[in-house]
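Trainee: What shape does this take:
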Amino acid sequence: MICVIIKGKGTVHLFPYVITSLFCWYVIISAMQIKIKKIVYPGKSLSQIEGKIIFTDEGLPGESVEVEPVKEKNNFIEGKTVNIISPSAHRIKPRCSHYKICAPYQYMDYDTQIKIKQAQLKEDFFAHQLKTDLPGLIFRPAPNIWNYRNKISFNIMWENNIPYLAYNLPDSPTQFEKIEECFLVPGRINLLLKHMLGLIKDANMEFINKVVIKESSDKKNILLTLYGDQRKELKDFSDSCEKLTTHFPISGIIYICKNQNTSLTLSGNYFIKEFIGKTQFLIGAESFFQTNIEMLKILLEDMTKSILLDKNKIIADLYCGVGTFGILLAKKVSKVIGVESSKENISFLKKNIELNNITNFHIRKGDCRKLIESVLKTSPDVLIFNPPRKGLDKTICDHILMKPPRAIAYISCNPATLTRDLKILLSVYKLKKIFAYDFFPQTPHMETLVILEK
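Mentor: Okay, here's the model as predicted:
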């Protein structure tokens with residue numbers, strides 16, 4: 001049967017035509033009206049017509065919206081919402097004009113954001129993927145839902161010799177949208193970015209194509225990193241950069257040439273200093289560190305209370321970065337083994353160990369997949385994982401099953417890869433606790449901490 005969808009005034013008409021096929025194909029004539037059923041991770045609004053799933057980029061549950069089809073697959077249609085016909089009581093006005101690119105939950109109130117994220121974890125991942133109930137999901141809302149990011153990254157696009165901040169359009173590495181300001185970062189960061197654009201315009205530095213700003217949570221340090229595709233003489237620009245330091249607490253300005261894999265410190269230091277309580281961290285221009293410090297503190301408190309540490313315990317901190325978790329927990333245990341592969345992270349990890357007078361932190365340099373077997377031979381009591389979005393490699397999970405430590409604390413930024421890995425680990429472990437953290441208000445993203453016990 002073939003179904004032709006034709007939009008009339010506020011209605012959708014389905015006209016079936018019988019053909020010799022087992023499938024139902026849809027010919028999209030124009031925009032269509034649908035009713036949103038739910039929002040699925042990572043932020044797509046879902047509807048259904050005659051068994052055909054429709055995903056669109058905006059729409060709250062219960063809303064009727066007009067959708068313009070963009071792409072059609074065998075069993076679903078991807079669309080773009082062009083009109084809200086019956087708005088939900090939970091719909092609010094977005095603050096950023098570019099919200100669909102960077103923070104697509106801005107159109108709903110904060111309570112609704114939390115409820116949607118909770119439902120996604122419970123239903124879409126744990127119930128559907130793991131076929132298990134959650135042992136009391138604890139969801140931690142954010143203390144600040146605006147101006148919370150301590151790091152922001154923008155492309156720089158040039159038009160008629162004028163630079164603009166820009167984001168890539170979704171699923172397009174070559175198309176951009178100009179950005180005036182972003183409400184996920186503090187106001188003075190937006191002001192600093194405007195000053196910076198003026199400087200690179202005056203210096204005619206069209207080879208600069210990206211900027212990253214990091215700010216410490218105490219607002220006393222800002223690290224500005226510029227990226228380009230040429231190695232240029234930057235002395236004049238370096239002198240201009242000093243103007244920024246008179247108006248902003250800039251600890252360093254860096255230029256990184258990606259083509260040649262080189263970096264140049266134009267002003268100040270190559271790092272920013274951050275404090276978690278009394279523990280200090282130096283964070284390099286390209287080092288990873290959490291972008292929401294207040295939420296990180298909450299996560300650390302939950303982890304510490306959940307894994308029952310004492311002076312007889314050994315921790316293995318895999319993907320340890322600059323040492324965030326291992327250093328903060330080192331004084332509670334007899335030994336920390338930290339595994340890290342990035343040269344820059346290792347360099348700052350060593351500095352942070354020394355800065356905080358940590359004497360029981362042992363660094364293993366290399367890939368976690370290659371080192372997991374030797375780490376497990378040291379008989380750690382607790383494994384801490386904070387992997388990138390791709391999650392753990394199956395090799396790591398298989399080695400753990402052969403020699404399982406007492407407990408695992410798994411921090412994840414991707415529920416899909418988390419549940420994939422748990423499918424393997426739960427053959428030996430049980431879920432003791434699960435926490436979710438809204439590190440990224442106004443966006444579909446969340447962090448999850450799972451505590452596993454053997």
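Trainee: and Ser374, which of the three is it?
Mentor: Secondary structure, DSSP: H, G, I helix; E, B strand; the rest coil: Ser374 is helix.
Trainee: I'd like the distance between it and His362.
Mentor: Distance of Ser374 to His362, given as CB to CB, to the nearest Å: 12 Å. For every residue, glycine as well, the C-beta is placed using N, CA and C.
Trainee: Over to Gly136?
Mentor: Computed as CB to CB, the Gly136 to His362 distance reads 35 Å.
Trainee: So for the two, which residue has more residues nearby?
Mentor: His362 (14 against 9; other CB atoms under 10 Å).
Trainee: Beta-bridge partners for the more buried one, please?
Mentor: Beta-bridge pairing for His362 (DSSP bridges): Ile337.
Trainee: so what's it up against?
Mentor: Applying CB atoms under 8 Å, 6 or more residues apart in numbering to His362 gives the contacts Lys335, Val336, Ile337, Gly338.
Trainee: now do Val212
Mentor: Shown in contact with Val212 (CB under 8 Å, 6+ apart): Lys151, Ile152, Ser153, Phe154, Leu224, Thr225, Tyr227, Ala285.
Trainee: Phi and psi next, for Ala119.
Mentor: Main-chain dihedrals, Ala119, degrees, to the nearest 10: phi -60, psi -40.
Trainee: What residues are bridge-paired with the closest residue to it other than its chain neighbours?
Mentor: Leaving aside its sequence neighbours, Ala119 sits nearest to Lys38 (CB to CB, 6 or more residues apart in numbering; 7.5 Å). Beta-bridge pairing for Lys38 (DSSP bridges): Leu46.
Trainee: Any idea how many residues pack against Lys38?
Mentor: Using other CB under 10 Å, Lys38 has 17 other residues around it.
Trainee: Assess the claim that it and Gly59 are in contact.
Mentor: No - counting by CB atoms under 8 Å, Lys38 stays clear of Gly59, with 9.8 Å between them.
Trainee: Could you name every residue contacting both of the two?
Mentor: Shared contacts of Lys38 and Gly59 (CB under 8 Å, 6+ apart): Ser45.
Trainee: all helices of the stretch 151-300 of the chain, in order?
Mentor: Taking DSSP state H, counting those that start in this stretch as the criterion, the stretch 151-300 of the chain contains helices spanning 187-202, 235-245, 293-306.
Trainee: and those helices as JSON lines, adding distance to His98, mean neighbour count and mean pLDDT?
Mentor: Formatted as JSON lines, the helices of the stretch 151-300 of the chain follow (distance: least, CB to CB, whole Å; neighbours: other CB atoms under 10 Å; pLDDT from 0 to 100):
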{"stretch": "helix 187-202", "distance to His98": "13", "mean neighbour count": "16", "mean pLDDT": "92"}
{"stretch": "helix 235-245", "distance to His98": "25", "mean neighbour count": "15", "mean pLDDT": "79"}
{"stretch": "helix 293-306", "distance to His98": "23", "mean neighbour count": "18", "mean pLDDT": "96"}
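Trainee: Make JSON lines out of those helices and add distance to Asn352.
Mentor: Below are the helices of the stretch 151-300 of the chain laid out as JSON lines (distance: least, CB to CB, whole Å):
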{"stretch": "helix 187-202", "distance to Asn352": "25"}
{"stretch": "helix 235-245", "distance to Asn352": "25"}
{"stretch": "helix 293-306", "distance to Asn352": "15"}
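Trainee: So for Glu50, which of these sits nearest?
Mentor: Closest to Glu50 of the helices of the stretch 151-300 of the chain, according to CB to CB: helix 293-306, at 42.6 Å.
Trainee: Figure out how far that closest one is from the centre of its chain.
Mentor: How far helix 293-306 lies from its chain's middle: 17 Å, per CA atoms, centre = their mean, to the nearest Å.
Trainee: now swap in stretch 342-356 and tell me
Mentor: Using CA atoms, centre = their mean, the offset of stretch 342-356 from its chain centre is 23 Å.
Trainee: Can you list the buried residues in that stretch?
Mentor: Residues Ser342, Glu344, Asn345, Ile346, Ser347, Phe348, Leu349, Lys351, Asn352, Ile353, Leu355, Asn356 are the ones in stretch 342-356 that count as buried (16 or more other CB atoms under 10 Å).
Trainee: in a helix, that's where the second one is, yeah?
Mentor: Pointing back at Glu344 there. Yes - Glu344: assigned to a helix according to three-state DSSP.
Trainee: Counting neighbours, what do you get for the residue nearest to it when sequence neighbours are not counted?
Mentor: In this structure, Glu344 finds its nearest non-sequential neighbour in Gly284, 4.9 Å apart by CB to CB, 6+ apart. For Gly284, the neighbour count with other CB under 10 Å is 25.
Trainee: Output stretch 136-144 as PDB, nothing but the C-alphas.
Mentor: Only the C-alpha atoms of stretch 136-144 are listed here, as PDB (Å, rounded to 0.1, in the frame of the first residue of the first chain):
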ATOM      1  CA  GLY A 136      16.000   4.500  43.000                       C
ATOM      2  CA  LEU A 137      17.300   7.000  40.400                       C
ATOM      3  CA  ILE A 138      18.500  10.200  42.200                       C
ATOM      4  CA  PHE A 139      18.400  13.200  39.800                       C
ATOM      5  CA  ARG A 140      20.400  16.200  40.800                       C
ATOM      6  CA  PRO A 141      19.100  19.500  39.200                       C
ATOM      7  CA  ALA A 142      21.500  22.300  38.500                       C
ATOM      8  CA  PRO A 143      22.000  25.100  41.000                       C
ATOM      9  CA  ASN A 144      22.300  27.500  38.100                       C
END
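Trainee: buried sites along it?
Mentor: By 16+ other CB under 10 Å, the buried positions in stretch 136-144 come out as Phe139, Arg140, Pro141, Ala142.
Trainee: any idea of the mean pLDDT for it?
Mentor: Throughout stretch 136-144, pLDDT has a mean value of 93.
Trainee: Outside of that stretch itself, list whatever touches it.
Mentor: By CB under 8 Å, 6+ apart, stretch 136-144 touches 110, 114, 117-118, 121-122, 148, 292, 294-295, 298-299, 302, 433-439, 441.
Trainee: Would you mind checking those residues for buried ones?
Mentor: Among those, those classed as buried by 16+ other CB under 10 Å are 110, 114, 117-118, 121-122, 148, 292, 295, 298-299, 302, 433-439, 441.
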